[in-house]
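> Predicted model and sequence below, questions to follow.
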Amino acid sequence: MTSTPGSDGPTAATTPPPSEPRPGRDTGSGPEPVRTPGHDVGHDGDRVHAPGSRTSGPRTSGSRSSGSRTPGRVLRFSRAERFVHRATAGLTLLCVVTAAFLYVPGLAQLVGRRHLVVTVHEWSGLLIPVPLLAGLVSRALRADLSRLNRFGPHDRQWLRAALRRDRRYASRPAGKFNAGQKLYAGWIAGAVLVMLGTGLAMWFTGLAPLVVRTGATFVHDWLALAVGVVIAGHMAKALADPEARRGMRTGSVERLWARREHPLWRDSEE
């Protein structure tokens, strides 16, 4: 207690009382974290994004970045390879659809200009090899063609497991392409060559005698049916594997998918 001249009596000391901690905060938690516009900070120090901000959390391995720069994704197909696949698939489907309108009676009745359908069928069939031949300038495509042309012991093991219906991943070792994909690529390449040869014999009647053209027509028709069935199976397998479709569409696949489905490919790349 002190008094000052002219005062009515003693007054209290002017020393301010100690500051009390704010409710709900721990005095030993250190300095208050700095807040930035559009963000909040949790009790553990991690930044929590506001609902209206563009980033709602840390980036994961499944982000939509292209190529192998994205964490958790690896490059599987180059841009040239994807172009060759799409162009070849488009020409093949056009050829198959026009063939169906030419040979299936129920569909043939729906077409008024049959000569136009025949012309589209002939030229789409002739152009099927062109995208692959043009894509040979790509080193990545040539490397994948070399992989498809090799059949090793692990491919025979994969086929034996497939025949036994053994779906364990350990029983089906595969490189960048498994044995089923290699067989499909080889079969469809040979079928396209046979279809081109028999189709030319049917188109240009002066190239061969009647007996040869009759045999060419027989082979062409039945092989076309087999090609349609095999392509349908190829599309069914693709529809059953979304990550494989994403790899052909964007060029990259999940690293975990690559290690599970094609372990020998990832081991050779790393």
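The structure has been received and is ready for your questions.
> Buried residues, whichever helix in the chain runs longest. List them.
Ranked by number of residues, the top helix in the chain under DSSP state H is helix 210-239. Residues of helix 210-239 classed as buried by neighbour count (16 or more other C-beta atoms under 10 Å): Arg213, Ala216, His220, Leu223, Ala224, Val227, Ile231. For every residue, glycine as well, the C-beta is placed using N, CA and C.
> what does stretch 195-202 give?
By 16+ other C-beta under 10 Å, the buried positions in stretch 195-202 come out as Met195, Thr198, Gly199, Ala201, Met202.
> Tabulate those in JSON lines, adding columns for distance to Leu93 and pLDDT.
Below are these laid out as JSON lines (distance: C-beta to C-beta, whole Å; pLDDT from 0 to 100):
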{"residue": "Met195", "distance to Leu93": "14", "pLDDT": "95"}
{"residue": "Thr198", "distance to Leu93": "20", "pLDDT": "94"}
{"residue": "Gly199", "distance to Leu93": "17", "pLDDT": "93"}
{"residue": "Ala201", "distance to Leu93": "24", "pLDDT": "91"}
{"residue": "Met202", "distance to Leu93": "21", "pLDDT": "91"}
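> which of the residues you listed lies closest to Phe177?
Met195 (23.2 Å; C-beta to C-beta).
> ok, back up a step: of the buried residues of helix 210-239, which is the nearest to Pro242?
Ile231 (19.5 Å).
> Can you give me the distance of Ala238 to Pro129?
22 Å (C-beta to C-beta, to the nearest Å).
> just checking, what packs against the longest helix of the chain?
helix 79-103, helix 179-203, helix 242-250 (3 or more C-beta pairs under 8 Å, 6 or more residues apart in numbering; DSSP states H and E).
> Pipe the ones you listed into CSV and attach distance to Arg156 per row.
Shown next, in CSV, are these (distance: least, C-beta to C-beta, whole Å):
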stretch, distance to Arg156
helix 79-103, 26
helix 179-203, 7
helix 242-250, 22
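> Noted, bye for now.
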